[in-house]
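Asker: with the input below, show me the fold.
(chains A, B, C and D)
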There are 4 protein chains.
Amino acid sequence: MKQEPIFDVAQLAHFEIYSPKIEESVKFFTDILGMTEVAREGKSVYLRAYEDIYHNSLKITENSEAGIGHMALRARSPQALERRVKVLEEMGAGIGWVDGDVGHGPAYQFEAPDGHIMEIFWEVEYYEAPESEKTALLNRPQKRPGRGVPVRRIDHVNILASDTNKTVEFLEEALGFRVNERILADDNTDIAAWTSVSNLAHDIAIMGDMMGGKGRLHHICYWYGYAQNLSDVSDLLLDNGYEIEEGPLKHGVSQAQCMYVREPGGNRVELFGDAGYLIFDPDWKTVEWKGEDLQKAVVWHGSELQPEFMKYGTPDIPDPAEAVSEEVGAEKTNV
Amino acid sequence: MKQEPIFDVAQLAHFEIYSPKIEESVKFFTDILGMTEVAREGKSVYLRAYEDIYHNSLKITENSEAGIGHMALRARSPQALERRVKVLEEMGAGIGWVDGDVGHGPAYQFEAPDGHIMEIFWEVEYYEAPESEKTALLNRPQKRPGRGVPVRRIDHVNILASDTNKTVEFLEEALGFRVNERILADDNTDIAAWTSVSNLAHDIAIMGDMMGGKGRLHHICYWYGYAQNLSDVSDLLLDNGYEIEEGPLKHGVSQAQCMYVREPGGNRVELFGDAGYLIFDPDWKTVEWKGEDLQKAVVWHGSELQPEFMKYGTPDIPDPAEAVSEEVGAEKTNV
Amino acid sequence: MKQEPIFDVAQLAHFEIYSPKIEESVKFFTDILGMTEVAREGKSVYLRAYEDIYHNSLKITENSEAGIGHMALRARSPQALERRVKVLEEMGAGIGWVDGDVGHGPAYQFEAPDGHIMEIFWEVEYYEAPESEKTALLNRPQKRPGRGVPVRRIDHVNILASDTNKTVEFLEEALGFRVNERILADDNTDIAAWTSVSNLAHDIAIMGDMMGGKGRLHHICYWYGYAQNLSDVSDLLLDNGYEIEEGPLKHGVSQAQCMYVREPGGNRVELFGDAGYLIFDPDWKTVEWKGEDLQKAVVWHGSELQPEFMKYGTPDIPDPAEAVSEEVGAEKTNV
Amino acid sequence: MKQEPIFDVAQLAHFEIYSPKIEESVKFFTDILGMTEVAREGKSVYLRAYEDIYHNSLKITENSEAGIGHMALRARSPQALERRVKVLEEMGAGIGWVDGDVGHGPAYQFEAPDGHIMEIFWEVEYYEAPESEKTALLNRPQKRPGRGVPVRRIDHVNILASDTNKTVEFLEEALGFRVNERILADDNTDIAAWTSVSNLAHDIAIMGDMMGGKGRLHHICYWYGYAQNLSDVSDLLLDNGYEIEEGPLKHGVSQAQCMYVREPGGNRVELFGDAGYLIFDPDWKTVEWKGEDLQKAVVWHGSELQPEFMKYGTPDIPDPAEAVSEEVGAEKTNV
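Answerer: So this is what the prediction gives:
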């Protein structure tokens, strides 16, 4: 009888991004995506989507360059937290406990194989809307804002890793993530993987960093669940000087009807306008896309992605291929 | 050979409603429906939806009671305007020329048979968005606002008449309206009629006033074209203390996916969340609903309407039936 | 430290309904809801929605009256299955093992407190689409059918119980269901509860049987995730002689944009046209609706439900209240 | 005072396409787009969408190569027909009267400047659904089919012309088409124009033929009005071996949320999934897109179009540019 899976992690609870233009970033998330600023502390601003249950899901920290600060997981119970910390310590991945942050209690920080900082915690602050923001819809923590086209909740994060497999195995073994879908190279090594601890098709996705970077962010994602809202927000984005990088389109992987935009700090943000497909099967066989199937994995409905989509991440780094070709070009010119 | 139809009226261009709570009414149309206040003059505020081509489509005038001020039609040409004025004068329906109003030039005012005031004009002011409101979508006169769930354009008006037939015939004969759909009583008299001069299923609808009133308004209507936006705005309405009277639902007549809400001044506002069906046939045979078909005319998808829906209009007047029964009750009690 | 929750049940995997008109029932599910008939055995027909991962999710068994045959849960692992069987046996709820059925292996059957038959199993047959039904969308087990407006997957079941609390407690204690939302009477007893083992707002809902029945079904539910598809299928239903009982509307509880129709055998079927809200919080505090909040729980957007909605279930039983009043009426007449 | 506009043409009523694979073409329109085959005569099959009012809107005629057979306009009245025929004769564009065709009476045929065959008629056959296809929705001529993802009605046609301006001027002067939008080259000559006689943003669009062809078809278009249906039909198209050429995307011009697919005969078909914006202004100023605005005209939301989109039309003809470069290449190789 196979060993039982690990059920100790419940969800992706929040993430921190770095922004060199913090006020412009905040303006983007509040005015366009209708998020609510709930706190400021030090160099950080804390934001929430109106269906986020906890106090906040996005921390933006001022920094000289864009990128991901950390990703935070909520354990399923205090006991589950203890078990995971023990394993992380044994694996030598641990950084150590922090006292907590605005919106949550003590968190154990650790480093994923590519250098991404993660944390896991149990104690959390639920959002208590001020009287003016309370809704009669009791299963919703806050009124739908009348500003922008408001996203509903945090969805997932997609990170770039120099060695996809190592990060994926770490998430599986240390934390119990299930690998739901994979894009494979011809030699069967992972190019990308979509993993989750919930019924979502992905809580964390990992893609190979084509630029040879380490610890970079591909995108964070917020959820609408309704395709019309992608169209609605596209108008706001275009009319207010934001450029839509890709989409609306529908991926094969995860069946996401979605679009990608860069917030003013430079980080890519995905907006998810589909109900998505959910995975209830506890013994799910990883879906593997390769060879001729691969194109449909990337785009099911819509146009091919630009090469930039696979290269750009934060922090932004120069393309080594272009560096070489420029050098070659330079040499040529010298001759 | 049948006489050619009249093509002299192009569209319903704007309407004026009365409100005893004008600032609350303006707040409703701007904050919830995302309309833009474009002018104030005297006791009136002028508003526009972001896809309205002309300067404004809604004039709200302070008044002791709610109701419809006037409805305005744009002629198809200056010549067409002259022809219509001549006919209206000959019919004895004319009130006379007014100098114009904010957003349009000289208008000929006239009275429909039930006392509704209408006007027809040619010269119009196109909306010129300030620089900050211009959009790169050149066929749209203004950016989509980032406020509320913004309606796109004026759609139609629905009036109550003590004698439906008389008003319908007037619209047909004096102005060239086509009767697209009808609800008929068993004796084949009109209970309600949907008429238009455009490809829409209705620019003006007329329903029998069950309360015996004269010149009342049933509702004005703004258009989204997208059902999701009805769901989006429902959240805003409910969360901000506005009551949804009916819907979202889908009528058989006009195939409107829609909802009804009362603005703070008391007037009923319909929000239209469907592409609608359009009528291109120049020889359209009026669709007649009666007897057992009638229920589907009123509601195609969704629940039956409350009796209040057919009774309430603005200005609000007491139900003669209830007055009688109360009297009867009073007498009974006296005995 | 609180005891850890039970994670042994993964999902609602299928259900069996009884139909006195089995061929008409099958026609409804295949022609209108676009489901696929995958097997027949004895008096039963097995059907699947195109995104159901396993062989089938609906078993329709010929029977003299409508109702629910059984509901089946899939355990999270073989070990989890063993643990649950042990607990069920200890509680005296067990019926015993069955060899399995079309599409799954050995199942342990048991009886919930109101007499509803349930089963739990591990071994399952994944659907293998014939070549003509395979799709290039590798995370989907079958092509979207070109027939009807096809539902995507099984969603939940809603049962009626003479004592709601007893069934809810049984699901919590024996199987680890979380109570996500509740409607409470003024004395704080459950009128209805929405429970789940997954991130869904409900896998199984339980409502008090107002007719005093036992073991009855309120409805089964299939999922679209897209509101437009409710509108699409409404046309098919109405045009083909099926009556829509309620909706489209949006509940407060579960935020379901949905509609209800009765299949020809008499069982009520809900169609779910919303992305829904998902629950990731492992320590979710049950949302409690009562008193004045209650109306919004039942209908958030749309019209009030008809009383019939709360009374009708399968098998259909006479209304004891009406029986009494008829008797009273009869007596009166006799006098 | 400016001369009054011509109101003699009511609508685009139907079109005829040529197909070298007629049975496969019919299968595409009936199985995927849910259209109904209503007649066969000679080498032609006649089809209708379920909200088309007249007998048919699409005639597919067997032919050695794909392309457009003819486009048909319905006059606004018998008198309007007479007036237009007189003008067409005077302009020397006339071909002459034909007796009619399946679904309509006598039609006057004429040739547009680039060789496209058009006709105009008055007498028409309304669709009479057989009993099994009648719907209770009396303003709809036929039940929504339970097959494929059914399109609702004919929308527009887009033709390629060697000299855009000449065709546009012909439509304006001979038939009263209004030029709603234009894409202009730097020297202000038309690259493309969108013209209509109805409130639609286009009944007929004309684009410059980049391949130097004459009388070719860019695409015909059918209308859903709902974006979700584009997503629904995309699944059917991809799963059944049809390739989606472009989209779903949203054009700036016409604000169409749409997609393009080639039917098996080779003709491009657009599917329109948006409510669209409608033009009610009788004095509409043509929207002109050029220079830096042009990109937004082509794609408002979504990815850039492939160059093939502007080149491919039916009948398909070789790219003169490639012919030249191949020759050049050949010469080079020869050296």
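
Asker: for A:Gly115, which non-adjacent residue is spatially closest?
Answerer: Leaving aside its chain neighbours, A:Gly115 sits nearest to A:Gly215 (3.4 Å; criterion: C-beta to C-beta, 6 or more residues apart in numbering or on different chains). Backbone N, C-alpha and C define where each C-beta goes, glycine included.

Asker: let me fix that, I meant to ask about A:Met91.
Answerer: Spatial nearest neighbour of A:Met91, chain neighbours left out: A:Ala174 (5.8 Å); criterion: C-beta to C-beta, 6+ apart.

Asker: pretty sure the one you found contacts A:Glu90?
Answerer: No - counting by C-beta atoms under 8 Å, A:Ala174 stays clear of A:Glu90, with 9.3 Å between them.

Asker: for these two, indicate the residue with more neighbours.
Answerer: Comparing A:Ala174 with A:Glu90 by other C-beta atoms under 10 Å in any protein chain shown, the one with more neighbours is A:Ala174, at 22 against 10.

Asker: please name the residues that touch that one.
Answerer: Shown in contact with A:Ala174 (C-beta atoms under 8 Å, 6 or more residues apart in numbering or on different chains): A:84, A:87-88, A:91, A:93, A:110.

Asker: ok, now with 10 Å
Answerer: By C-beta atoms under 10 Å, 6 or more residues apart in numbering or on different chains, the residues touching A:Ala174 are A:6, A:8-9, A:84, A:87-88, A:90-91, A:93, A:110, A:112-113, A:118, A:120.

Asker: next: A:Ala321.
Answerer: A:210-212, A:311.

Asker: what mean pLDDT does the helix or strand containing it get?
Answerer: Taking DSSP states H and E as the criterion, A:Ala321 maps to helix A:320-334. When pLDDT is averaged along helix A:320-334, the result is 55.

Asker: what's the residue lying closest to A:Leu175 once chain neighbours are set aside sitting at in phi/psi?
Answerer: In this structure, A:Leu175 finds its nearest non-sequential neighbour in A:Val9, 5.1 Å apart by C-beta to C-beta, 6+ apart. Backbone geometry at A:Val9, expressed as degrees, to the nearest 10, gives phi -110, psi 130.

Asker: wait, A:Val9 sits on A:Met71?
Answerer: No - taking C-beta atoms under 10 Å as the definition, A:Val9 is not a contact partner of A:Met71, at 11.5 Å.

Asker: what is the burial count for A:Met210?
Answerer: Counted with other C-beta under 10 Å, A:Met210 comes out at 16.

Asker: for my notes, confirm the residue nearest to A:Met91 occurs in a helix.
Answerer: Yes - residue state for A:Ala174 (DSSP: H, G, I helix; E, B strand; the rest coil) corresponds to a helix.

Asker: ok, it to chain B distance?
Answerer: Distance, A:Ala174 to chain B, using C-beta to the nearest C-beta, to the nearest Å: 40 Å.

Asker: look up how far chain C lies from that residue.
Answerer: Applying C-beta to the nearest C-beta to A:Ala174 and chain C gives a distance of 18 Å.

Asker: please apply the same query to A:Pro145.
Answerer: In terms of C-beta to the nearest C-beta, A:Pro145 sits 16 Å off from chain C.

Asker: neighbours around the residue lying closest to A:Gly34 once chain neighbours are set aside, how many?
Answerer: Once flanking residues are discounted, A:Gly34 sits nearest to A:Pro150: 2.7 Å by C-beta to C-beta, 6+ apart. When neighbours are counted by other C-beta under 10 Å, A:Pro150 registers 25.

Asker: for A:Pro150, give me its contacts.
Answerer: A:30, A:32-36, A:49-51, A:142-144, A:222, A:224, A:229, A:233, B:232, B:235.

Asker: thinking again about what came up before, quickly name whichever of the contacts of A:Ala174 is closest to A:Glu16.
Answerer: Comparing those against A:Glu16 with C-beta to C-beta places A:Met118 closest, at 10.8 Å.

Asker: which residues does the closest one form beta bridges with?
Answerer: Legend: beta-bridge partners of A:Met118 under DSSP bridges are A:Met71, A:Phe110.

Asker: contacts only, for it.
Answerer: Contacts of A:Met118 (C-beta under 10 Å, 6+ apart): A:12, A:15, A:68, A:70-73, A:88, A:93, A:95, A:107-112, A:159, A:170-171, A:174-175, A:204.

Asker: so how far is A:Glu89 from A:Leu73?
Answerer: Distance, A:Leu73 to A:Glu89, by C-beta to C-beta, to the nearest Å: 16 Å.

Asker: the more surrounded of these two?
Answerer: Using other C-beta under 10 Å as the criterion, A:Leu73 and A:Glu89 rank with A:Leu73 on top: 25 against 13.

Asker: what is the neighbour count of the residue of the stretch 101-250 of chain A found nearest chain C?
Answerer: Chain C sits closest to A:Gly225 of the stretch 101-250 of chain A, with a gap of 3.1 Å, by C-beta to the nearest C-beta. For A:Gly225, the neighbour count with other C-beta under 10 Å is 24.

Asker: look up how far chain B lies from it.
Answerer: 10 Å.

Asker: show me what contacts that residue?
Answerer: Shown in contact with A:Gly225 (C-beta under 10 Å, 6+ apart): A:51, A:151-153, A:155, A:257, A:272-276, C:225-226, C:255, C:274-278.

Asker: contact residues of the stretch 101-250 of chain A facing chain C?
Answerer: A:122-124, A:126, A:135-140, A:152-154, A:180-181, A:194, A:197-201, A:203, A:223-228, A:250 (C-beta under 10 Å from any C-beta of the partner chain).

Asker: tell me which of these fall in strands.
Answerer: Among those, the residues falling in strands (DSSP state E) are A:153-154, A:180-181, A:194, A:223, A:250.

Asker: who wins for most neighbours among those?
Answerer: Most neighbours among these, by other C-beta under 10 Å: A:Trp194, with 29 neighbours.

Asker: what are the bridge partners for that residue, then?
Answerer: For A:Trp194, the beta-bridge partners are A:Glu181, A:Ala205 (DSSP bridges).

Asker: re the thing from before, can you say which of the residues of the stretch 101-250 of chain A next to chain C are buried?
Answerer: Among these, those classed as buried by 16 or more other C-beta atoms under 10 Å in any protein chain shown are A:122, A:124, A:135-140, A:152-154, A:180-181, A:194, A:197-201, A:203, A:223-228, A:250.

Asker: A:Arg262: neighbour count?
Answerer: Neighbour tally, A:Arg262, other C-beta under 10 Å: 18.

Asker: from C:His219, how far out is it?
Answerer: Taking C-beta to C-beta as the measure, A:Arg262 falls 45 Å from C:His219.

Asker: isn't A:Leu47 right up against A:Ser57?
Answerer: Yes - applying C-beta under 10 Å, one finds A:Leu47 in contact with A:Ser57, separated by 7.3 Å.

Asker: name the residues contacting each of the two.
Answerer: Common neighbours of A:Leu47 and A:Ser57, using C-beta under 10 Å, 6+ apart, are A:14, A:35, A:38.

Asker: dump those into TSV; add pLDDT as well.
Answerer: Listed next are the shared contacts of A:Leu47 and A:Ser57 as TSV, based on pLDDT from 0 to 100:
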residue	pLDDT
A:His14	98
A:Met35	98
A:Val38	98
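
Asker: ok, so of those, who is nearest chain D?
Answerer: Using C-beta to the nearest C-beta, A:Met35 comes nearest to chain D of the shared contacts of A:Leu47 and A:Ser57, at 21.5 Å.

Asker: how close does the closest one sit to A:Asn56?
Answerer: In this view, A:Met35 and A:Asn56 are 9 Å apart by C-beta to C-beta.

Asker: who touches both of these two?
Answerer: Between them, A:Met35 and A:Asn56 share these contacting residues under C-beta under 10 Å, 6+ apart: A:47-49.
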